Structures are given as C-alpha cells and as structure tokens.
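Engineer: predicted model and sequence follow; I will ask about them next.
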Amino acid sequence: METTEKVLILKTGKFKENDLWVRFLSASRGVQTAFAFGGSRSRKRFGGCLEPFSMVLFKIESNKTGAYQVLKEGSLMKSYPGIRTDIRKMGLAANCLKFIESAGTEKESSRRVYDLLSATLDAIEESEPDDFFPLFFRAKVAFEQGYNPDFTICSLCGKPLFSSRPVVFDVEKGGIICSDCDSGRRGNTVSSGTIRTLAWIQDTGPANWMSLNIPYEIRQECFAVMDRFMAYHMGLVWEGSSYRKI
Ligand SMILES: [Zn+2]
C-alpha cells in the first residue's frame, strides 16, 4: 500500500553503501522509521530530503507483509537554512528532535506534536531563542501528550491559585496544591512564578516564548520540576547528551 505523508526528519543513518534508514515524525502516525534504498545516491527521488531539519512530503510503501516501510520518493517542502548554518541554533533544534525521538508519540496526539515541532523549528529559524527554549518545548510536548496538570486551581480544594505564595507541585498525581491545603509534608515546593510560567507555556506556542523574560531561578525551577514530572509520567530522563526511556 502506498501513502503520501507530510513529515519532519528526525535522524538518518546509513545501513549499506547507498541505502539509508530515516526516522521521522509523521503528522498522521507519529514517530516512524523507513528505508530509502539508494537514498544517498538518488538526487532525482530524494534531492535534499534526507537530512534532519527538513520538512518533506514522502511517498511511502509498506512491504508485502507490512513488516517494514520503504520511501519511494520525497519532495522537500521546507529546509531550515538558518538552523543548519548556526551551530547554536542547530544544538537547540537537535535537542528538540532528540526529545521527540525518545518520547515517541501517541497516535491521537501526533498531529498536535507535529504542529508543535514545526512551529518550534520556525521559531528557532526566525529568532534567537535562549538556552532554556528546549525545556519549554519539552514541557509543551508533555502537555500535548495529555500529561497536562491544571496550573490554575488547587487540586485538593479547587480554589484558584491567585496568591503569590509558594505552592506544592505533586509530581506523582500531576496536580498543584495551595499553601492552605499543604500539610507541609509533601515537598516539591515551587514558586508562584514557576506555576504561572508553566501555565503560560500550556496556553501559548513557541512563537510567544521568545518574549518571555523570566528570572533565572524560575527557569531553573521549571526545569527541575518538569524533568521530575516527565521522568515519572513519560519515563524519560536526560543523560549527558540524550534522553533515555526508563
Ligand atoms: Zn487548596
């Protein structure tokens, strides 16, 4: 069966002299791997399509038993020259691609995650995000995959979290607890600035995150608490230079 799909390339590698495997995020099916036979030679079928930081329309065929997929041809819809020529931007974008590759996607959320990654690459291409940008991206992926705490009300008493007092992020239950309900034994106290930042990420997209002017301590706190949250719910931990599924 042959299908046509819009994808973002995550990673490619050689497995024979002229043959490549390609891992990509499909808007309709999430993270997939397929073979491009003759891929490193055929400019006619794959010109410029088989590198990370590319948006491509692929013709994809399953083999007879459905055990693997073969890329028949591709047309490049968009490359990201600003990312490819700037080592810092490339590092930020690669971090986001790696995260998607490790996290995978649920079928229901693949369209939303695809749109998010596409908007993220546009934002990195067109502006100068700081080093915390991939963290905001990772948090947003978690939210899009349904790990989506309500940062506006206390998960125990239901009162709005308007106060500027610190609150408790119950990582395991994925809820926020106000200072009135906190018995003082739950730990994971976070500032109201962190909760407001995470609520903002939840409600907006990558194009808006450039204008965020967040104090360093709050960024650090967002980073620490979201990493714990993602390790617990998505089973992902950051190790040196990549994510590992635990
Ligand atoms: Zn409460």
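Structural biologist: Yep, that arrived. Numbers count the residues shown, from 1 in each chain.

Engineer: send the alpha carbons of the longest strand seen in the chain over as CSV?
Structural biologist: Among all segments of the chain classified by DSSP state E, the strand with the greatest residue count is strand 2-14. What follows is strand 2-14, C-alpha atoms only, in CSV (Å, rounded to 0.1, in the frame of the first residue of the first chain):
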residue,chain,number,x,y,z
GLU,A,2,1.3,3.4,-0.9
THR,A,3,0.6,6.6,1.1
THR,A,4,1.7,10.2,0.9
GLU,A,5,2.7,11.8,4.2
LYS,A,6,4.0,15.1,5.4
VAL,A,7,6.9,14.5,7.8
LEU,A,8,9.7,16.2,9.7
ILE,A,9,13.0,14.3,9.5
LEU,A,10,14.5,13.5,13.0
LYS,A,11,17.5,11.3,12.1
THR,A,12,19.1,9.4,9.3
GLY,A,13,21.8,6.8,9.0
LYS,A,14,23.5,4.5,6.5
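
Engineer: against which helices or strands is it packed?
Structural biologist: Using 3 or more Cβ pairs under 8 Å, 6 or more residues apart in numbering; DSSP states H and E as the contact criterion, the secondary-structure elements in contact with strand 2-14 are strand 20-26, strand 54-62, helix 87-103, helix 110-126. Every C-beta, even on glycine, is put in place using the N, C-alpha and C of the backbone.

Engineer: excluding chain neighbours, what is closest to P149?
Structural biologist: Nearest-residue entry for P149: G174, 4.7 Å, with adjacent residues in sequence omitted and distances by Cβ to Cβ, 6 or more residues apart in numbering.

Engineer: how near is the one you found to N188?
Structural biologist: 12 Å (Cβ to Cβ, to the nearest Å).

Engineer: spell out the residue ranges of the strands in the protein.
Structural biologist: Applying DSSP E to the chain gives strands spanning 2-14, 20-26, 30-36, 54-62, 69-79, 167-170, 175-177, 189-190, 236-239, 242-245.

Engineer: Throw those strands into TSV and include mean pLDDT, distance to the ion and mean neighbour count, thanks.
Structural biologist: As requested, the strands of the chain are arranged in TSV below (pLDDT from 0 to 100; distance: least, Cβ to the ion, whole Å; neighbours: other Cβ atoms under 10 Å):
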stretch	mean pLDDT	distance to the ion	mean neighbour count
strand 2-14	95	41	17
strand 20-26	96	39	22
strand 30-36	94	37	19
strand 54-62	95	45	19
strand 69-79	95	46	17
strand 167-170	92	9	22
strand 175-177	92	6	20
strand 189-190	90	14	18
strand 236-239	80	29	16
strand 242-245	78	33	14
